[in-house]
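Engineer: fold the following.
(chains A and B)
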Amino acid sequence: MDGTSEVGLRINGKPFSRVIDNRTTLLDLLREQAGVTGPKKGCDHGQCGACTVLLDGDRRVNACLLLAVSLDGADVTTVEGLADGDRLHPVQQAFVDHDGFQCGFCTPGQICSAVAAIAEARAGWPSVVTPPDTPPGPVEPTAAEIRERMSGNLCRCGAYVNIVAAVREVAR
Amino acid sequence: MTTLPRVTGEAVARIEARDKVTGAASYAADHPLDGLTHAWPVTATVARGDITAVDDSEALRDPAVLAVLTHANAPRLADAGDPMVAVLRSPHVAHHGQIVALAVAETLEAARAAAGAVRVTYDEQPHDVVLTADRPGLYTPDEVNAGHPADRRRGDFDAAYAASEITVDAVYEVTPLHNHPMEPHAATAVWDGDALTVFDSNQGSTVVRSTLAALFEVDEADVRVVSEHVGGGFGSKGTPRPHVALAALAAKAVGRPVRLALPRNRIAAVTGHRAPTIQRVRLGADADGHIDALAHETVTQTSTLTEFVEQASVSSRMMYASPHSLTTHRVARLDVPSPSWMRAPGECPGMFALESAMDELASACGLDPVELRIRNEPPVEPDSGRPFSSRHLVDCLREGARRFGWHDRDPRPAVGRDGPLLIGSGVAASTYPVWVFPSHAEAYAGSDGRYEVRVNATDIGTGARTVLTQIAADALGVPLDLVRVSIGRGDLPAGSVAGGSSGTASWGWPVHKACTDLRQRVSDAGGHVPDGGLFVRADTEQEAGGGTEYSRHAFGAQFAEVQVDTVTGEVRVRRMLGVFAAGHILNPRTARSQFIGGMTMGLGMALTEGSFLDPEFGDFTERDLASYHVAACADVPEIDVHWIDEDDPHLNPMGSKGIGEIGIVGAAAALANAVHHATGMRVRRLPIHPDTILLGL
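Structural biologist: Residues are numbered from 1 along each chain as shown, chains lettered A, B, ... in the order given. This next block holds a predicted model:
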């Protein structure tokens, strides 16, 4: 059949394979075909971050910007895949504790993004606000670092103050 | 029987918190349905005209495409009295971006491609989309938003202003602003015979249900609207918007479930926006800063489809003592997308103007801006002469000044410097009226000791579900975990819209009433609920339906510190502080989030958000989140919020005032005033972008 490909990936640890329309984004595959609706479509243009998921470990990506056919063999973690059974992931728990959301629509993306942002800082990746004379090694998760690293995820309710507090608590 | 400690006033965590952090919370586009199909809109590429032809032959070539609906072939909707949902009824195009066709297909990919392949031709007519303060066609509306009179006059403004020692005369401008809730407007619709089920994103499914029933001429009882979780609205989902009518229409046309999630870049044109305002404010005072004359004259625009008039001058009717007052609204009917509610319509842009003018008056009088406001505190509401039910603006100003360290500040402008950065601070007052609307609720006591409360509230992120559970638990006198509150469904007892900061009061009141009654019945039954349970209904048609002898408003004071980069022109906020007086705060955790959220949106309004109606193509040039800059995490500093708890017996049984909107009111003025203090430059047009700063320094 024209314009289709078979793709196989792992979504939150479970294998998922299907013949898909080549135009299908990872976000639409997750939401419309795999029944994984945690990742949200806020803009479909990589502008808001509501669809942020983790690829092959801790790499955060905008699922709306990736064609699913390019991800054969990939391992995708969404917000649904973070908790350990009934035990919330520390970032999820911190969002609850700090009221890091209101409407909750950007939250799945914020949380995935935060998980990766913390890992990136721990791995010593600098950001634009990291002082140039910072020695190699984990970057201190200051409020400025967190604000910068979390700026790919918009929140219209204005929960940033609480999001920063939540991420900071886990990053420490 | 022991008395339980009250849970209203406690920082209870959101009941749905776990669902929201695990992805389990289902929004309008998240519900799986067998045989689901997808729709994609085709929007008008002219700002005014008539459709002469629609060529769907290319679109229909893909067998996955089920239909291309237009005014010519769609089932005809009845008139529900709301032009915003009168979709695909007419070949006339009233504005650029209007939805003129809808492609429906088996998959999202096919629907999108089909929409792109539809060719619409128009008989294009000249359009008129440019608002100026002196343009022809400005008229005085019968009333402005929220039912206020367009014009009010007290005393003799002209004479008093002419006789004033100190005067300020300035024009303030706010561009169109877009709500942009993170969840784009979406609906999933399915028909079963004449029965319609819709999963919809809205701020009030009671009205969505009645509107759909009217549009499709079916019984309300046959329309089920589910809106359990809503990804923000900020007014843009306050009434039914086109997406829900289109989804239901398409589902009827193709005989399958249809999902329509509007693409982000189509939202600005069809779901409402804050209309631009041009506001002239004149203040006349004596040398001590006592205002004698106050004029606030607003010019704004509406569309040819609806008349919505942003009531920007109304807060000037009640804020300050002003023996001679003139407040007016003039509006132009243009070929533009329809404006609507956006967080604190009227108060938000209006208080940017008034509170900026107050800062200018303070400068002109050589007075501290906090002191100026205190001097103009009115004994009663100036416009109506009614007493305030409670008014703690002065306390907010004083408490805020103390916490902010306001009095350590050098009042001279443009003296704070840190290398290339100019540092300044500003203050502004906030206000928002108390609204309460009639609503209904039911409460049920089970013989197992559990309670269920039903009210069609909508939680758009406010924490409504949580605070209503707190109110119910207290009224029942039982622990929180024994009470389950059901909200967000059109078949629940009718609830008013989640708008006007009215939700907690409007829904909480009948919940309180029903639960108080139920508690009595349980007590009458000897404390034992019989098999089959006990059930009561309550409504507030009487209590909430009438007027009041009091002027009821929440107040606040906002303080901000900014740094202005003299090299780049960038304004960054260093800190913000808000102190509010809004009745009893029922949940400090969610209340704090709402205050901060409003202030954050106000920061965006001041510094990042702006939209421009292009005169050539007649639509907004900023239509997505890359061009319309919602403040991002890095834009927002620490925001500190406090409140003064008010004991106001003239509100509702909970003693609460609304808190969803007041945070945005005054925030932009506090920031603009801080920019003036930092630079000596008065910016009267928002947003304050680097080019404005660089050109002005």
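Engineer: from now on I want contacts and neighbour counts done on CA atoms only, so please keep to that.
Structural biologist: OK.
Engineer: with only the CA atoms kept, save the helix or strand that contains residue B:103 in CSV.
Structural biologist: Residue B:103 is part of strand B:99-105 when elements are defined by DSSP states H and E. Provided in CSV are the C-alpha atoms of strand B:99-105 (Å, rounded to 0.1, in the frame of the first residue of the first chain):
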residue,chain,number,x,y,z
ILE,B,99,-14.6,28.3,9.3
VAL,B,100,-16.1,27.9,5.8
ALA,B,101,-15.8,24.1,5.4
LEU,B,102,-14.9,21.0,7.4
ALA,B,103,-13.2,18.0,6.1
VAL,B,104,-14.1,14.7,7.8
ALA,B,105,-12.0,11.6,7.3
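Engineer: the helix ranked longest in chain B - contacts with which helices or strands?
Structural biologist: The residue-count maximum for a helix in chain B (DSSP state H) belongs to helix B:503-524. Under the contact definition 3 or more CA pairs under 8 Å, 6 or more residues apart in numbering or on different chains; DSSP states H and E, helix B:503-524 sits against strand B:440-445, helix B:464-476, strand B:534-539.
Engineer: contacting residues for the residue nearest in space to the middle of chain B?
Structural biologist: Among the residues of chain B, the one closest to the centroid is residue B:343, at 2.5 Å (CA atoms, centre = their mean). With contact taken as CA atoms under 8 Å, 6 or more residues apart in numbering or on different chains, residue B:343 is in contact with B:179, B:234, B:235, B:661, B:664.
Engineer: domain assignment for chain A?
Structural biologist: As assigned by automatic domain parsing, chain A contains the domains A:4-81, A:90-171.
Engineer: pLDDT on the first one, on average?
Structural biologist: By that I understand domain A:4-81. Taken as a whole, domain A:4-81 carries a mean pLDDT of 98.
Engineer: show the model's pLDDT score for residue B:484.
Structural biologist: pLDDT recorded at residue B:484 is 98.
Engineer: please name the nearest non-neighbouring residue to residue B:682.
Structural biologist: residue B:676 (5.2 Å; CA to CA, 6 or more residues apart in numbering or on different chains).
Engineer: make that residue B:10, sorry
Structural biologist: residue B:587 (5.4 Å).
Engineer: residues near the one you found, how many?
Structural biologist: A count of neighbours around residue B:587, defined by other CA atoms under 10 Å in any protein chain shown, yields 20.
Engineer: so it is in contact with residue B:11, correct?
Structural biologist: Yes: Residue B:587 is in contact with residue B:11 according to CA atoms under 8 Å; the separation is 5.0 Å.
Engineer: just the closest residue of chain A to chain B, please.
Structural biologist: residue A:103 (3.4 Å; CA to the nearest CA).
Engineer: and that residue, how many neighbours?
Structural biologist: Residues lying near residue A:103 (other CA under 10 Å) number 25.
Engineer: near chain A, which residues of the stretch 251-400 of chain B? Just list them.
Structural biologist: B:263, B:264, B:265 (CA under 8 Å from any CA of the partner chain).
Engineer: got the contact list for the residue nearest to the second one when sequence neighbours are not counted?
Structural biologist: Meaning residue B:264. Distances taken as CA to CA, 6+ apart put residue A:43 closest to residue B:264, at 5.1 Å, once the chain neighbours are dropped. By CA under 8 Å, 6+ apart, the contact list for residue A:43 reads B:184, B:263, B:264, B:265, B:624, B:625.
Engineer: so how far is chain A from the first one?
Structural biologist: Put plainly, it is residue B:184. Distance, residue B:184 to chain A, by CA to the nearest CA, to the nearest Å: 6 Å.
Engineer: that residue contacts residue B:261, correct?
Structural biologist: Yes: using CA under 8 Å, residue B:184 is in contact with residue B:261, at 6.5 Å.
Engineer: isn't residue B:254 right up against residue B:65?
Structural biologist: No: counting by CA under 8 Å, residue B:254 sits too far from residue B:65 to count as a contact (10.5 Å).
Engineer: specify which residue of the two has the higher count of neighbours.
Structural biologist: residue B:65 (23 against 15).
Engineer: for that one, name its beta-bridge partners.
Structural biologist: Beta-bridge partners of residue B:65, counted by DSSP bridges, are residue B:105.
Engineer: correct me, but it touches residue B:102?
Structural biologist: No: the pair residue B:65 / residue B:102 is not scored as a contact, 11.0 Å apart, by CA under 8 Å.
Engineer: mind listing the helices for the chain?
Structural biologist: In the absence of a named chain, this looks at chain A. According to DSSP H, the helices that chain A contains are A:26-28, A:90-97, A:107-122, A:143-149, A:160-171.
Engineer: should've been chain B
Structural biologist: Secondary structure of chain B, counting by DSSP H: helices at B:17-22, B:108-117, B:157-162, B:205-216, B:242-254, B:264-270, B:347-365, B:369-375, B:393-404, B:464-476, B:503-524, B:588-607, B:667-679, B:690-696.
Engineer: what sits against residue B:665?
Structural biologist: Residue B:665 is in contact with B:344, B:347-349, B:351-352, B:429-432, B:598-599, B:602, counting by CA under 8 Å, 6+ apart.
Engineer: where exactly do the strands run in chain A?
Structural biologist: Remark: strands assigned in chain A by DSSP state E are A:4-11, A:14-21, A:52-55, A:59-62, A:75-77.
Engineer: Provide the strand pairings for the first one, with the direction of each partner.
Structural biologist: Each strand that pairs with strand A:4-11, with its direction, by DSSP bridges: strand A:14-21 (antiparallel), strand A:75-77 (parallel).
Engineer: quick revisit: tabulate the helices and strands packed on helix B:503-524 (JSON lines), appending mean pLDDT.
Structural biologist: Formatted as JSON lines, these follow (pLDDT from 0 to 100):
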{"stretch": "strand B:440-445", "mean pLDDT": "98"}
{"stretch": "helix B:464-476", "mean pLDDT": "98"}
{"stretch": "strand B:534-539", "mean pLDDT": "98"}
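Engineer: nearest to chain A, of those?
Structural biologist: Chain A sits nearest to helix B:464-476 of all the helices and strands packed on helix B:503-524, at 10.4 Å, using CA to the nearest CA.
Engineer: buried deepest among the helices of chain B, which one?
Structural biologist: helix B:667-679 (a mean of 31; mean count of other CA atoms under 10 Å in any protein chain shown).
Engineer: could I have the CA atoms of that one written out in CSV?
Structural biologist: Extracted in CSV, the C-alpha atoms of helix B:667-679 (Å, rounded to 0.1, in the frame of the first residue of the first chain):
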residue,chain,number,x,y,z
ALA,B,667,-0.2,43.7,37.1
ALA,B,668,0.6,45.3,33.8
ALA,B,669,0.3,48.8,35.3
ALA,B,670,2.6,47.9,38.2
LEU,B,671,5.1,46.7,35.7
ALA,B,672,4.7,49.7,33.4
ASN,B,673,5.0,52.0,36.4
ALA,B,674,8.2,50.2,37.4
VAL,B,675,9.6,50.7,33.9
HIS,B,676,8.9,54.4,34.3
HIS,B,677,10.6,54.4,37.7
ALA,B,678,13.6,52.6,36.2
THR,B,679,13.9,54.7,33.0
